[in-house]
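Asker: Got a predicted structure plus its sequence, pasted below:
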Amino acid sequence: MTQLTTTFEPSTINVYMQQALRPISRRYLYGAYVDTLPVKPEDKILEFGSGIGVMAELLARKLYRGQLTCVDISKRYISRAKRNLRDYPNTSFVKGQLVNLNFPNGEFDAINLHYVLHDVPEENREELIAEMHELLRPGGKIFLREPVKESHGIPASETDRLFEMAGFIKTNGQERKMRFMGDAYSACFIKASNIRFFFG
Ligand SMILES: C[S@@+](CC[C@H](N)C(=O)[O-])C[C@H]1O[C@@H](n2cnc3c(N)ncnc32)[C@H](O)[C@@H]1O
């Protein structure tokens with residue numbers, strides 16, 4: 001097992017810039033995407049790599065009978081996200097990199113990763129995705145959107161390989177050029193339910 005990266009902190013200016021752009025990101029970059037996600041109001045969702053909480057806020061609005069747990073490796077991002085979502089009692093915040101956070105197995109209906117996996121060191125990805133598999137209930141979903149640029153991204157084929165190797169089944173995936181955000185891959189993966197395996 002490789003050593004997981006446990007620390008990362010953005011500069012203060014980076015956090016301020018993201019905070020200033022928050023209304024624009026929410027409206028023009030994230031809103032339409034979140035509306036496509038098959039989320040039920042009562043779902044329990046984990047957002048892995050939630051940053052300052054822009055997408056988290058859009059998700060929290062949809063989960064008015066459910067729960068959103070935000071996890072991020074950065075203390076600065078987590079504390080900013082906590083402030084940004086202070087009006088949403090259905091949210092909680094944990095600083096960490098997911099493994100060893102002691103969430104019960106099968107706790108979540110879905111895990112959202114938005115522009116995160118490409119930032120996780122390559123040698124840590126398999127272990128993190130295996131942990132996501134444990135944390136989802138059977139039939140639980142991964143929602144993912146990642147940049148695919150060679151200089152800063154992860155190829156769609158590598159994302160598929162990692163999730164399928166961990167036992168997920170891809171239900172859809174498409175690469176698309178997006179305004180301001182470049183080429184990105186969005187996909188949904190499902191944790192196969194035991195019943196399906198049992199009956200073939
Ligand atoms: C490019 S930002 C995306 C933030 C947010 N998901 C969004 O789309 O606005 C990547 C985020 O992933 C977090 N991150 C990177 N590696 C991580 C890890 N191993 N565990 C938890 N969070 C991580 C960073 O701190 C940062 O908040």
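Answerer: On my side now, so go ahead. Residues are numbered from 1 along each chain as shown.
Asker: contacts, neighbours, all on C-alpha from now
Answerer: Will do.
Asker: what's the residue closest to the geometric middle of the protein?
Answerer: The centre of the chain sits closest to residue 113, judged by C-alpha atoms, centre = their mean, with a distance of 1.9 Å.
Asker: Report the rounded mean pLDDT for the one helix or strand that one maps to.
Answerer: Counting by DSSP states H and E, the element that carries residue 113 is strand 108-114. Across strand 108-114, the average pLDDT comes to 98.
Asker: now the next helix or strand after that strand, how far from the chain's geometric center?
Answerer: Per DSSP H and E, the first helix or strand lying C-terminal to strand 108-114 is helix 122-135. In terms of C-alpha atoms, centre = their mean, to the nearest Å, the centre of helix 122-135 is found 12 Å from the chain centre.
Asker: which other residues reach stretch 71-86?
Answerer: Stretch 71-86 is contacted from outside by 6-10, 15, 46-54, 57, 70, 91-98, using C-alpha atoms under 8 Å, 6 or more residues apart in numbering.
Asker: can you narrow those residues to ones near the ligand?
Answerer: 48-51, 54, 96-97 (C-alpha under 6 Å from any ligand atom).
Asker: returning to what we had before: tell me what the residue nearest to the centre of the chain is bridged to.
Answerer: Counting by DSSP bridges, residue 113 is bridged to residue 48, residue 144.
Asker: right, and it touches residue 141 too?
Answerer: No: in this structure, residue 113 is not within contact of residue 141 by C-alpha atoms under 8 Å, at 10.9 Å.
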